[in-house]
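Novice: coords below, sequence missing:
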C-alpha cells in the first residue's frame, strides 16, 4: 500500500475500505485469543474457511480470526456478523455444521449459549448477560477485527485520533483533553495520565520517549495481553497520540516474552503502520516522527515497576530505583524524559481524542472516569475477560456478569488487584469499584485481576499462595521485601500446617507493617496486602487454624478423615484404595483410619460407596 | 546561591551545605543513624533500609535523602525504632550466628547494631526458619566469599562498578535465594576481575575476605602502620595491619580506598622464606653465609683496591628505583664522594630517561606536570604508549573516572589495551613511528587553525622552525608511515585541540625507542601548541614505573646530575656539594647503565655496586649483560632476595624490605611520602642506608646518620626542589615538589604562568624510522611491557602465590591471523628469536595484538624478553635502547 501523506489520504483510504465492503457482509469471527487458540480455534478457523470454499460461499462469507471475545469459559467462541449470532464451545470438527446452517439461513442450535439462570438458549452476543452488563470501550473492536489487518482497523475509524491530533490540535490541547477526561493509569496506581504527560512536557531535554508497559505479570491476569493480541493498532495509535503530545520521537512496547502472539501481532502491526507512513518519519506528511519497537521482557514480575522496566530496557537487571529519585517523566529511559503507561491506558487514548473528554466522562465515576478491564476468574460461571464502567459494584460484577458461583451457592470473598491486592469479604460486595474505595477497603485496583472465592477456599492458604508468589518475585535488593516476605511466608506456612503459635498473628501484623512501610518499591509495599486484608476480614479463620482447624477444609494437616461407623458396611474398599495403608478393619464391621499414617489424600472418600467417610 | 541548609534533627538545629544527605547531616550533629549498605566512597543505594528515618512525617532513607530547608527529621521515633529493629532482626535471621569465630568480630557493624538494639532473641528463628546454606567459594587466588554471611548490601557490587568500572559483580536470582556474584556464577578468574579487592575492602560483615585471612587475628588484635606501596609509581598510601610481626591485611590507597591487586594482596613476599637473612660471600661456584663484619670489610677492601689500582672511574654503581630517597641520596653520595666517580645510574635509564631529557629541554623539568587526581577533571585525555590499566592501575582509575565525567578518551597504541575498550578513538600506529603521528597532529592543529596563538606568542619560543618541520607531515603522509587513517588523525587533533583541559598521559611506549627523546619532545610540542599546560587537569604526564623511580632520579641517581637535577658539569652546583660533603667531586658526567655494561665488557669498569636492581632481567640483551657482569673483578649486590644478578655477585648484602625501614618514596606525581618501619627485617638483614653508612665509614668517609630523617635534612639543605621537606611535614598526604621552603605547600601542577626554564621551547623533530625493522628473516616487530599481575623482574611478585597462580609463566601475544599463518594455536609453545638470542614461551593468540607485532611481558627471568632486545643502538640523548621495537621471528616448536 502507498504511504499516506496527509490526514485526508487516511480518510480517503478509510472511506474506500468501507465502500468496498458489502453493507451486509457476512463475517464469521473466530476468537483467536490465546485461550481459545489453546482449544483449537486456529484449526476451527481453518476448517471454517475450507467449508466456506467447499460450500461455494467464499464470495459472500469471510472467516476472520479476531482477538479475545472475553467469555473464555466457553471458548472457542464464534460470532457470525452482522446479526451477532453467538456460538460457544466449538470444536474444529464443528466447522461443517456451522457453515451448513449458515448456508441454509439456519441457526445451529446445539452451539448456542444456554443461560444457566433460565436454562434458555441465547441467540445473539449482546443478549448474553455476560456481555449485556459490560461497557466495552477498549475491547469494542476486539472481537470484530482481524488484528493482523491494518485495513480492518482503519475501516472502523482507526488512526482517526492521530489524524485529528496532527491536523487540528497542538500538543498542549492533546494533553489538556486527556487531562480533562480524567483518565487514570490502568496499571493499578491510578495516576492521572494527563498530569503525567504534563510533567513530561515540562521536563527539560530534547530527546523524549514513550513506553508501553505490557509486562503483565499477575498470575491469571490477561487483560493487556488480550488488547495487544486483539487490537495492536489501538495501542500503537494511543502511543502515537501520546508521543505527539509530549514530543517523543521514539517509543518502546515492553511485552513479556511469554506472550508470543502479542509480540507477533504487534511486530506485524508496527511494520504495517510504518509502511503506511503512520509510524516512522514525517507521519501523515507532518513534521512528527515516531520510531516504535518491541522489547521482549524476560518475565520478572518486578519489571512492571516503571524504574525496573527502564533498567531492563537499558540492558541492566530489572530492579527498581530507590527514592528519592527523579520521576521517569523527568529522567526515564537513558536519562531522558519518558512517559510510561500501561497497555490499557494507551488503548483508552484514541477514543478520548476522537470523541472528546466529555464523552469519556459519561462512563465511570467523577474521580475514576471510564471503564476498567478485569480478568474474572475463580468460582464464577462466566470466567473471562470483562470491561465494566468504573463505579460498578463488585456484586454486579460477580453475579450480574460472572453469573455467580458455579454451584449456585454464595461467594465468600473476592480477591482483587492481583497478588498484591486484597481480599474483600462477601459483606463488601456492594463496594463500588474505583481506585479510592478499593484502597480504603484494604485492597487495590491493581491491573485487573479478580478472583471469586467460595467457601472451600481457605483464606490463610490463599494469603500464603499470593505471598509465595511475591516472595519469589522480590528483586532481592531491599531487606524488608526479600526477608520480610520470606518470614511472613514461613509463619503462614506453619499456620496452615497446624504449627502456628499464638503470637504469630501479632507478628504477621508487625511484619506486614515493616514490609509495607520499609520496602523500597511498590512490590514490597503492597506484598503484605493479601495477609493484612485477610487478617482484617477473616481473622477467625486464622484463629481456627491456631486451634487446629481449617474451616474450609483445604489445609491438609488440619483435616481428619473419619469413618462413620453407622454408615460403614465393612466392605474394605476404602482400605484397598488407601495408598498409605492407613485404614484397617475386619469385613462386615466398621473400618478405622489411623491418623498418624493418613496422608489426607482423600482417596478413601472417593472409594467409599456408602458415603461413610467424612472430612473435618 | 544559598550556602547552608537549616534543618532540625531530633529537635536539634543543624546547618549543612545543600545536597548533604540526612545521614551525613545527622553525623555532623553527632547523631548516629545505623546503616549497613551505605559507604562514604559509594553512591548511596538505600537498600538495607536500616537508615529509615522520619522526615516531615514521611519515612525516607537517610543515606539517599538530601536535606531541605526547614526539614524536621526524627531518627528516634517509636515507629522508626520498631521498623529498624525488625529490619535488623530480619537481617540477623539470615546471617550465621558465628561471631565467636568470625574475623570481623569487633569490627562488624551488624554485630554492633545487634548489641545496641539488644536483639537477644530473634523472633524469626525456629524450626520453620530457613537460612541460606551456601558453601564458601574460594575458586580464585585471592578472595574468599562466604555467601552465608552476605547481607546483600551490594557495597561490593557498587565498588566493582562505580570505583573499578569492572561490573563483574551483580545480583543473581530473585526472592529469598537472591545472591551477589559474577554473572552465571562463574569463578572470578573467568571474568574480567582485576582482583583489586575493592569489594573486599567495603564488605561490612566479612562475607568477602582475603583468602588466608581467616583466624589470622581479629581487628582489635591488629596494629596498623601507615606507609607507601612498594610496587609501581602510583604512590598509593598503604595501611599495613599486622598481628605481631606479620602483615595480615592491607588497606588504604591514595584516596584512602583504592588499591590494585599487588598493593592489596601482594605483600606475601615480605615474609617469604627466600628472603636473604645473612650476608653471602662467593665461594667457588656457590656462596657461603658470612657475618656483617667480614662481608662489609671485604666489600670496602675490594673497592678500595680497585680504585687504588685503576682509578675511581673503574668502579660503577646502580642506584635503586625501589629504595628510599634517603638511600638513593646516600648511594650517589657514596659513589661520588667516597669512591670518587660519576658512574652512577639506575634503571630509570631504561624507562624515563628520554622523558627527563626531553621535558627538561621543553619545559625545564622532567617530571609529571600535573597530579593524578587532576586527570578526573580533564575533558580530553590522550593516552599513548601506556597500558595504564596494567602498569598504573590507580591512574587508570582516574582515567575511567574522567570518562564517566564526560571526557573524551583517545588511545594511541598498537595494542588493544583495556583503555581502548572505553576510548572514543583508538589509533593503532606501527611501533616506532610516534614522531610521525605526533607531528601529524601538530600539522592538523595548525592547518585547521586550532592552535592557541596567544599562548604560543606569550609563553613559547622556537615556534618557527617547529612549524616548518611539521608542515611536511600531512595526514596522508602520516598514514603511509604509521598506518593511522588520515581522517582519524584529524579527529584526534580536533578533539585534543578543542578541549578545555586536554591532558597527555604516556609511558614506556613513548620512551623505549631509539627516538625516545624525540617522541617526548613531539608530545611536549602538542601541549605548547594548544596551551594545554600550566593549568590544572592539563599537561604532559609521564607515568613513572616504580615506587621510587622519581625519587631515585630526584636524588641524583643519574650520571649527569647531582640531587635536584643540578648538573654535575655546573661548577657552582659541584662546589656547593663539595663544600657540604668535604670532598672534591669528579667533573664530568659518568656512564649510563648500558654504557657501563659496554665498559665492563671492554674491561674499563672493574668493580660494581648494585643496590636493589636486577639488570639480569630488566636490561636489554641479557646475554651481553651477563658477559659484562662476569668480567668484573668485583661485584657487590644489596638486595632482599637472591636475584638473577645477585647470583653473579662476589658479595651479597641482605637488605630490609620497604616494610622494615623508615624513609620516603616520591611517587609519579612528585609526591614525597613517608615509608614507615612496620616490622624488623628477617635474620640479620639491614636497611640499605645502614649498609651504605657502614661501607662508607669503612672506606674512610665516616657517615653517622642517626636516622633517615637526618638524611632528609641534608637532602633538603642541598636540593632546592626538596628544600622545604622534612619528616614532620610528611605525616599526612606528603608534599609535591617543588617545595623550596618549609612554609611552601608543595606544587600540584608545574609551569603555572611561567615554565621552569622560562619559556616553553618547541623542538623541530623530524621523523626517523625505527632502528631495527622487520625483514624476511625476522618478520615481526617485538614490543615488551608490563602486566598487571607482576612487577618488574618478579623478585617480589614471583613470590606471591596468588599472582603466580594467575600468571605463572611468560607468553607471547600474537594476532590470530599471524598465528594461523605459522600454524600456531593458543597455548602452543613457541620459539621467539632475535639477532641477540632465543627464548621459549607459550603463545597467547589474541586480537589484542596488532597483526605483524608480537608482545612479551618482560617480567620473567626464565624466559626473559630482554634476551631478544638490543642494547645498541641507543637514543643519542638519553641513551635509551629500543625496548619497544625490534625484529623477531616466531617458530612453532
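Specialist: Nice, thanks for sending it over. Nothing here was measured: the structure is a model prediction, and the numbers come from that model.
Novice: next, residue 269: secondary structure please.
Specialist: Unless you meant another one, I'm taking chain A. The three-state assignment at residue A:269 reads helix, by DSSP: H, G, I helix; E, B strand; the rest coil.
Novice: how many other residues sit next to residue B:547?
Specialist: When neighbours are defined as other C-beta atoms under 10 Å in any protein chain shown, residue B:547 has 29 of them. Heads up, the C-betas are built off the backbone N, CA and C, glycines and all.
Novice: residue B:716 too?
Specialist: By other C-beta under 10 Å, the residues close to residue B:716 number 20.
Novice: ditto for the one 4 residues further on
Specialist: The local packing count at residue B:720 equals 17, with neighbours defined by other C-beta under 10 Å.
Novice: repeat for residue A:400
Specialist: The burial count for residue A:400: 18, using other C-beta under 10 Å.
Novice: which ones are touching it?
Specialist: Neighbour list for residue A:400: A:129, A:133 [criterion: C-beta atoms under 8 Å, 6 or more residues apart in numbering or on different chains].
Novice: ditto for residue B:414
Specialist: B:428-431, B:783, B:850, B:853.
Novice: repeat for residue A:263
Specialist: Taking C-beta under 8 Å, 6+ apart, we find residue A:263 in contact with A:255, A:257, A:294, A:296.
Novice: if we use 7 Å, what do you get?
Specialist: For residue A:263, the contact set (C-beta atoms under 7 Å, 6 or more residues apart in numbering or on different chains) comprises A:255, A:294, A:296.
Novice: wait, which of these is closest to chain B?
Specialist: Out of the contacts of residue A:263, the one with the shortest distance to chain B is residue A:296. That distance is 18.2 Å, counting by C-beta to the nearest C-beta.
Novice: skipping its backbone neighbours, what lies nearest the closest one in space?
Specialist: In this structure, residue A:296 finds its nearest non-sequential neighbour in residue A:257, 4.2 Å apart by C-beta to C-beta, 6 or more residues apart in numbering or on different chains.
Novice: read off the pLDDT value for residue 177.
Specialist: Going with chain A. Here the pLDDT value assigned to residue A:177 is 97.
Novice: wrong one, I was asking about chain B
Specialist: Residue B:177 carries a pLDDT value of 93.
Novice: not counting sequence-adjacent ones, nearest residue to it?
Specialist: Nearest residue to residue B:177, sequence neighbours excluded (C-beta to C-beta, 6+ apart): residue B:132, at 6.6 Å.
Novice: let me know whether my guess that that neighbour is in a strand holds.
Specialist: No - Residue B:132: not assigned to a strand; according to three-state DSSP it is coil.
Novice: show me what whatever helix or strand residue B:576 lives in is packed against.
Specialist: Using DSSP states H and E, residue B:576 maps to helix B:571-581. Identification of packing neighbours for helix B:571-581 by 3 or more C-beta pairs under 7 Å, 6 or more residues apart in numbering or on different chains; DSSP states H and E yields helix B:708-718.
Novice: in the helix it packs on, what's buried?
Specialist: Residues of helix B:708-718 classed as buried: B:708-709, B:711-712, B:714-716, B:718 (neighbour count, 16 or more other C-beta atoms under 10 Å in any protein chain shown).
Novice: so after it, what's the next helix or strand?
Specialist: Counting by DSSP H and E, what follows helix B:708-718 is strand B:735-736.
Novice: burial count for residue B:8?
Specialist: When counting by other C-beta under 10 Å, one arrives at 14 neighbours for residue B:8.
Novice: ok, and what's touching the helix or strand hosting it?
Specialist: According to DSSP H and E, residue B:8 maps onto strand B:5-9. For strand B:5-9, contacts defined as C-beta under 7 Å, 6+ apart pick out B:13-16, B:18, B:25-26, B:29, B:31, B:67-73, B:75.
Novice: which ones among those lie within helices?
Specialist: Taking DSSP state H, the ones among the contacts of strand B:5-9 that sit in helices are B:25-26.
Novice: any of the contacts of strand B:5-9 buried? List them.
Specialist: Buried among the contacts of strand B:5-9 by 16+ other C-beta under 10 Å: B:14, B:16, B:25-26, B:29, B:31, B:67, B:71, B:73, B:75.
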